[in-house]
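S.K.: Need coordinates for the following:
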Amino acid sequence: MLSSLRTQGRVGTVSAGLASGIFRDFRARSGGGLAFRPDAGGEQAPRRHAPVFRAPLHPDPRGHGDNARKELQGVWTGHPAGLIEAFTLASGRLNELNLANVTLTNAAAQAGKTRFGICNICHFNAGAGVPGGFNINASTGVERAPDPRQTTEPHPLDGGFGAINFDCDRDGRLDCFGDSSFNVPPLIEAADTEPFFHNHSAATIEDAVSFYTTEAAFFGNPLPLTRTEVLNIATFLRVLNAAFNSAISIQRNTAALTLEKSRDKDTRDTVNMLLALSNSEAADAIEVLSHRKLHPRAIGLLNHAISLNSRAIAARPTNTRQTLIRSALKDLRAAKAQFGTGLDFTLGEGNLLF
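M.R.: The predicted model follows:
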């Protein structure tokens, strides 16, 4: 899968495999001491995985072999930031969901998907942009919501993008600077990245959705959502998040099984790390679902997959390890199927690097 790559006024294309190679080269050149975790900016910085889709995917008419490699060498030589961007473009998910094709088994989540249409204006298909793949800034009014923390731990207000003087909290003073707008973040991976908004004013995804029903939202233009609709939208986002977590776990278990089947003892540490990272994603899904007691069957399957992966890590015979990894993979796929249909994620190879 090829992603649009843009830097220093140059446009090129990079495959996930090539980006992985570039990142390995960057690690080697930097002494290999990187503990790399790509972050997304804007209203929130995901702590576990960063969605990186920023422009429509398109085929590379030239292919991604020597010609692309030569062009990339010309664009990126001597620019570590470009190498990091190439790696980031190969991480997370490389596609947007088509919510019109998504059907969820949980009734509240399905109702939330329907009501999410009111949010789809800025978060098209629960992503980070508007139709056409463009990421935007939006003025949410979040700084104008009551902030009890200001009385116990005063902190500067943030006026968002730009440098003009601005009245953040409606007290009649120009107490911050900016134009009141903030970068729109993706929502598919949002539920496990609490707290929310740039000022961490919402503790849960339910609180974040609920903010948009207050008078502070959009400077006095709140969304007409009932409490039930707020909870349904939050449920929808929790299920999307768990489905994405499960998809990454499946990707990592699949890669671990492929390496384990090679019977190369030098890959054992890599296999074990992939399984540990798979377990981390599964645990995230369990946490997101458990908060609202959603999908108990899926939680059971995810817990069992974690147990199987842990046993595989501890096992020595490769046949035993393969059997356990394969069984965990079966559970992970079954857990993801519990959520519904149309939850199809294209995942980058960067998820397999650590």
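
S.K.: Could you pick out the longest helix of the protein?
M.R.: Counting residues, the longest helix in the chain under DSSP state H turns out to be helix 227-261.

S.K.: give me the low-pLDDT residue ranges for this protein?
M.R.: Within the chain, the stretches falling below the threshold (pLDDT under 70) are 1-79, 354.

S.K.: What are the neighbouring residues in contact with Lys336?
M.R.: Neighbour list for Lys336: Ala243, Ser246, Ala247, Ile250, Ala298, Leu343 [criterion: C-beta atoms under 8 Å, 6 or more residues apart in numbering]. (Glycine included, C-beta is placed from N, CA and C.)

S.K.: count of residues packed around the second one?
M.R.: Neighbouring residues of Ser246 were enumerated by other C-beta atoms under 10 Å; the total is 30.

S.K.: Quick one: the contacts of Lys336 as JSON lines, columns for distance to Ala86 too.
M.R.: Converted to JSON lines, those look like this (distance: C-beta to C-beta, whole Å):
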{"residue": "Ala243", "distance to Ala86": "27"}
{"residue": "Ser246", "distance to Ala86": "27"}
{"residue": "Ala247", "distance to Ala86": "22"}
{"residue": "Ile250", "distance to Ala86": "25"}
{"residue": "Ala298", "distance to Ala86": "35"}
{"residue": "Leu343", "distance to Ala86": "27"}
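
S.K.: Most neighbours among those, which one?
M.R.: The most crowded member of those, judged by other C-beta under 10 Å, is Ser246 (30 neighbours).

S.K.: gap between it and Gly117?
M.R.: 25 Å (C-beta to C-beta, to the nearest Å).

S.K.: And the contacts of Lys336, which is closest to Asn101?
M.R.: When the contacts of Lys336 are ranked by distance to Asn101 (C-beta to C-beta), Leu343 comes first, at 9.3 Å.

S.K.: Helices of the stretch 251-354 of the chain, start to end?
M.R.: Taking DSSP state H, counting those that start in this stretch as the criterion, the stretch 251-354 of the chain carries its helices at 268-290, 296-314, 318-337.

S.K.: Which of those sits closest to Ala128?
M.R.: Nearest to Ala128, of all the helices of the stretch 251-354 of the chain, is helix 268-290, at 18.9 Å by C-beta to C-beta.

S.K.: helices and strands around the longest helix of the chain, which ones?
M.R.: Taking 3 or more C-beta pairs under 8 Å, 6 or more residues apart in numbering; DSSP states H and E as contact, the helices and strands that helix 227-261 lies on are helix 107-115, helix 205-211, helix 268-290, helix 296-314, helix 318-337.

S.K.: quick one: buried residues of that helix?
M.R.: By neighbour count on 16 or more other C-beta atoms under 10 Å, the buried set for helix 227-261 is 229-257, 259-260.

S.K.: Equivalent analysis for stretch 161-172, please.
M.R.: Of the residues in stretch 161-172, those with enough neighbours to count as buried (16+ other C-beta under 10 Å) are Phe166, Asp167, Cys168, Asp169.

S.K.: do you know how far the second one is from Arg149?
M.R.: Here Asp167 is placed at a distance of 19 Å from Arg149 (C-beta to C-beta).
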